[in-house]
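> Quick one, what's the 3D model for this:
(one chain, ligands or ions: 1)
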Amino acid sequence: MDIKALVSQLTLEEKAGLCSGGDFWHTKAVERLGIPASMVSDGPHGLRKQDDKADHLGVNESIKAVCFPAASATAASFDKAMLTRMGEAVGDSCQHEKLSVVLGPAVNIKRSPLCGRNFEYFSEDPYLAGKLSAAFIHGVQSRNVGTSIKHFAANSQEHRRMSSSAEVDERTLREIYLPAFETAVKEEQPWTVMCSYNRINGVYASENPWLLTEVLRNEWGFEGYVMSDWGAVSDRVAGVAAGLDLEMPSSGGVNDRKIVEAVRAGRLDEKLVDQAVERILNIVFRYTENAKPDTPWDMEAQHMLAAEIAADCMVLLKNEDALLPLSKTDEIAFIGEFAEKPRYQGGGSSHINSFKVTGALEASKGLKITYAQGYSAAADNATDEQIAEAVAAAKAAKAAVVFAGLPDVYESEGYDRVHMRLPDCQNRLIEAVAAANPNTVVVLHNGSPVEMPWIGKVKAVLEAYLGGQAVGLAEVRVLFGDVNPSGHLPETFPLRLADNPSYLFYGGEGNVAEYREGIFVGYRYYDKKEAEVLFPFGHGLSYTSFAFSDLRLSASQITDRDTLTATVRVKNTGKCAGKAVVQLYVGDVESSVFRPVRELKGFEKVALEPGEEKEVSFTLDKRSFAYWNTRIHDWHVESGAFAIEIGHSSRDISLRAEVNVQSTVELPKHYDKDSIFMDILADPHAAAVLKPLLDSIRAAFAPPADESEKSSAASEAITEEMNLAMLQYMPLRGMLSFGGDANSAQMLEQILTELNKV
Ligand code: BGC
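Numbering: from 1, shown residues only. You can find the predicted model right below:
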């Protein structure tokens, strides 16, 4: 299809019309030219396709579909291949349902445990979020269906989500809030990108030329179309100029007319409208030309896949005395309503009308299970009778498993949480059960960390996150040892909310949300602070044990243009098969800028039989070592030593090696009268220029040679070393203030000319 030729046949009104939705979920058709409408749908962990009444908050019914685990859970898998399989399944369902684009994945960074939408997002770490979302996109798009990576960008809170401005400094945006999008765009070219509701440094994402054109297209090479989040458009004409191609759903024609008027009045270049239409039609035709509506959608098979994925995601947080796995011959008490009716997905636009749901109680048929409801999630209470019944069941059983978690209303799209606690009634229940049976296990259903006041009283904790409609099957498989848990935390669980680095200013004041903690988000903060946490980033236990050994680097010295290969051996040293997650972190040993202690730069999930050993390799490049330098507005590696660490979590590092990386980029230098000696002396060329001057200053500051000249206690107390230390911070203009003469000003000028030559 020659899209350019097609666009040239459209009237201005038709083109402006194509820049917004025809209805809630469709792009517009232009029948006279054979342009079809195409449908998009939420997403991301299954289809929320609405045939009848449409809405963007998951209020009205959608078709029956399969609900896979939410991104909070799939991130814990650390398993790229698994995310690709899930993407393929979602892609097949889209083909079956004639959907051109699934609205996801959602890759916003978990800045605070409070964000109501954390359940839909991957991680506090941009590398992990980027690689896993890329794997998912790869899967969906392998089926010739598009994705819409969202919400671009810095949409890490729900509070005032349509008006708030995320005030984020340049380096933090580049190192924390943009890279997940960047990785996905550069590696997988998502067909579309969805801009976020919020403003970024005062400018709405939907009309932000820096974000949508400079960064997304010019720097990263994005080729698809940008659509707005539903209702994210404020100034449509500014949006077209900034690179927002498609407004969704629509403004009932108001904004289309504004586009036409702006073009006619010469305020908007028609070429920009043509460009937007061309981008949209490229994708519309890419889908229609590859549509395969006869693709089967085997929901039962996908239910089993959802169970397999959910089991791959579960994180065993604690397992004292190897209480888990439980024995299938023992009598076990299942306690808590979530055993029967699990919370397995979050509220809002990602809410799926699951064709069936399997809870742990149903999945454990044939085992010796007793059940007590324990609490009611909807009423958010536990009666004395419910607790007494639970305690009796716990007492009579070999072990008690409490199925706890956050009820729907506690976390959802549209608003943030106000605390990090489980419902009080559930905490009470857990305490009572743990007092009744020393072998108590807690299984958690939540999209974001919770405080665990009872952690010292229970032997085992299994984090299921929001595990999708087959979560119960996965739970039973893991609890009874059919599947060895292999999930790892994609986020830190702080001891309490107040420990989180954004705690003092999360949510912002009015419409201004300042991201004051900067790059120190998640473990980047906790590790630097050496703060105690409940469970660190990357943590996850197994029923077996793994040992890492023999970390080798392909070189001990490289430049920032080279790649480095790190190879490590991983061995299953326990008695059952399992999957290890090898995590590779990089840390700048000495740096002139503030940097985290370590940052994740590689991970691999490896299946191993007992006694089996495998070798894993990672390739590191400039980005693995670089920070964003705001002077050159680019990535920069500061020459020197870097630590390469291999660990089981960010707090459990087993191997360490060092590599020296030399920068090939000379940072621009400019000296003026306010430049201080310390900075000039750190630059060998400049130091040489300054040497004669420095020698004379040193002489002037040196303590008197003749002891008798010492006149005061003050001069006795100051050593030459101290003088020199103080001199470091003196600006060049100090030569005028201290001991300058008539020639000093001219000398200063000469020195500056020389300094700026080198
Ligand atoms: C959400 C998006 C979603 C869209 C369409 C918005 O409220 O923020 O994630 O894709 O609605 O339902």
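
> Enumerate the residues of this protein near the ligand.
With the criterion set to Cβ under 6 Å from any ligand atom, the chain comes near the ligand through 42, 56, 103, 150, 229-230, 349. Every C-beta, even on glycine, is put in place using the N, C-alpha and C of the backbone.

> go again using 5 Å as the cut-off
In this structure, the chain approaches the ligand at residues 42, 56, 103, 229-230, 349, judged by Cβ under 5 Å from any ligand atom.

> Check pLDDT for those and point me to the minimum.
The member of the residues of the chain next to the ligand with the lowest model confidence is H56, at 79 (criterion: pLDDT).

> okay, now the residue nearest to it when sequence neighbours are not counted: neighbour count?
Of all residues not flanking H56 in the chain, W230 sits nearest, at 4.0 Å (Cβ to Cβ, 6 or more residues apart in numbering). For W230, the number of neighbouring residues by other Cβ atoms under 10 Å comes to 21.

> Most neighbours out of the residues of the chain next to the ligand, which is it?
By neighbour count, taken as other Cβ under 10 Å, the most surrounded of these turns out to be L103 (29 neighbours).

> My guess is that one contacts M194. True?
Yes: when contacts are counted by Cβ atoms under 8 Å, L103 is listed as touching M194 (6.5 Å).

> what is in contact with the two at once?
Counting by Cβ atoms under 8 Å, 6 or more residues apart in numbering, the common neighbours of L103 and M194 are 148, 150.

> In contact with V254: list those residues for me.
V254 sits in contact with no residue, where contact means Cβ under 8 Å, 6+ apart.

> Tell me how far it lies from V237.
With distances defined as Cβ to Cβ, to the nearest Å, the gap from V254 to V237 amounts to 12 Å.

> same thing with Q583?
Applying Cβ to Cβ, the value for Q583 to V237 is 47 Å.

> Looking at the two, which one has more neighbours?
For Q583 and V237, the more surrounded residue by other Cβ under 10 Å is Q583, and the numbers stand at 25 against 18.

> element containing S41, please.
Here S41 sits within strand 40-41, counting by DSSP states H and E.

> Now do the domain split for the protein, please.
The record's domain split for the chain, according to automatic domain parsing, is 3-65+78-288, 299-487, 546-662, 677-755.

> Tell me how far the shortest one lies from the chain's centre.
It refers to domain 677-755. 49 Å (Cα atoms, centre = their mean, to the nearest Å).

> for the third one, same thing?
Taking the mean of its C-alpha atoms, domain 546-662 sits 19 Å from the chain's own mean (Cα atoms, centre = their mean).

> Could you give the average pLDDT over that domain?
Averaged across domain 546-662, pLDDT comes to 98.

> Check the last one too.
Across domain 677-755, pLDDT averages out at 78.

> for that domain, how far is the first residue from the last?
Length of domain 677-755, first residue to last, Cα to Cα, to the nearest Å: 12 Å.

> Please enumerate the strands of the stretch 51-200 of the chain.
With DSSP state E, counting those that start in this stretch as the definition, the stretch 51-200 of the chain shows strands at residue ranges 64-65, 101-102, 146-152, 165-167, 192-195, 199-200.

> about what we covered before: any chance of the residues of the chain next to the ligand in a markdown table, plus distance to A73?
Listed next are these as a markdown table, based on distance: Cβ to Cβ, whole Å:
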| residue | distance to A73 |
| --- | --- |
| D42 | 17 |
| H56 | 23 |
| L103 | 19 |
| D229 | 23 |
| W230 | 25 |
| S349 | 18 |
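
> can you tell me which two in the residues you listed are farthest apart?
Within these, two members stand farthest from each other by Cβ to Cβ: D42 and D229, at 11.3 Å.

> Now for the residue of the stretch 301-450 of the chain found nearest the ligand: which residues touch it?
The stretch 301-450 of the chain approaches the ligand most closely through S349 (3.5 Å), counting by Cβ to the nearest ligand atom. Contact partners of S349, counting by Cβ under 8 Å, 6+ apart, are 42-43, 48, 56-58, 103, 230, 413.

> Quick check: closest non-adjacent residue to K28.
Taking Cβ to Cβ, 6+ apart, and ignoring the residues beside it in sequence, K28 has G22 as its nearest neighbour in space, at 4.0 Å.

> Let me know the pLDDT of that neighbour.
G22 is assigned a pLDDT of 96 by the prediction.

> and the gap between it and the ligand?
As defined by Cβ to the nearest ligand atom, to the nearest Å, G22 lies at a distance of 15 Å from the ligand.

> my read: that residue touches I35, true?
No: the pair G22 and I35 does not pass the contact test of Cβ under 8 Å, sitting 11.0 Å apart.

> Which one's more surrounded, those two?
Comparing G22 with I35 by other Cβ under 10 Å, the one with more neighbours is I35, at 25 against 16.

> The more buried one reaches V284, doesn't it?
Yes: under the criterion of Cβ under 8 Å, I35 makes contact with V284 at 7.1 Å.

> wait, what's in contact with I697?
Listed by Cβ under 8 Å, 6+ apart, the contact partners of I697 are 727, 735.

> That one - that's part of a helix, no?
Yes: under the criterion used here (DSSP: H, G, I helix; E, B strand; the rest coil), I697 sits inside a helix.

> how far away is it from the ligand?
Computed with Cβ to the nearest ligand atom, the distance linking I697 and the ligand is 61 Å.

> From the residues of the chain next to the ligand, which land in helices?
The members of those all map outside helices under DSSP state H.

> okay, and the helix or strand of this structure with the least pLDDT?
For the chain, the helix or strand with the lowest mean confidence is helix 713-717, at a mean of 63 (criterion: mean pLDDT, DSSP states H and E).

> Following the chain onward from that helix, which element is next?
For helix 713-717, the succeeding helix or strand toward the C-terminus, using DSSP H and E, is helix 720-728.

> List the buried residues in the next helix or strand after that following helix.
Note on helix 720-728: by DSSP H and E, the next helix or strand toward the C-terminus is helix 734-737. Neighbour counts using 16 or more other Cβ atoms under 10 Å place 734-735 of helix 734-737 among the buried residues.

> What is helix 734-737 packed up against?
Judged by 3 or more Cβ pairs under 8 Å, 6 or more residues apart in numbering; DSSP states H and E, the packing partners of helix 734-737 are helix 744-757.

> Kindly list the main-chain dihedrals of the residue of the stretch 301-450 of the chain closest to the ligand?
Backbone torsions of S349, given as degrees, to the nearest 10, read phi -70, psi -20.

> wait, what's in contact with the residue nearest to K28?
28-29, 37, 250.

> thinking again about what came up before, kindly compare burial across the strands of the stretch 51-200 of the chain and name the winner.
Each of the strands of the stretch 51-200 of the chain was assessed for mean neighbour count using mean count of other Cβ atoms under 10 Å. The highest is strand 101-102, with a mean of 31.
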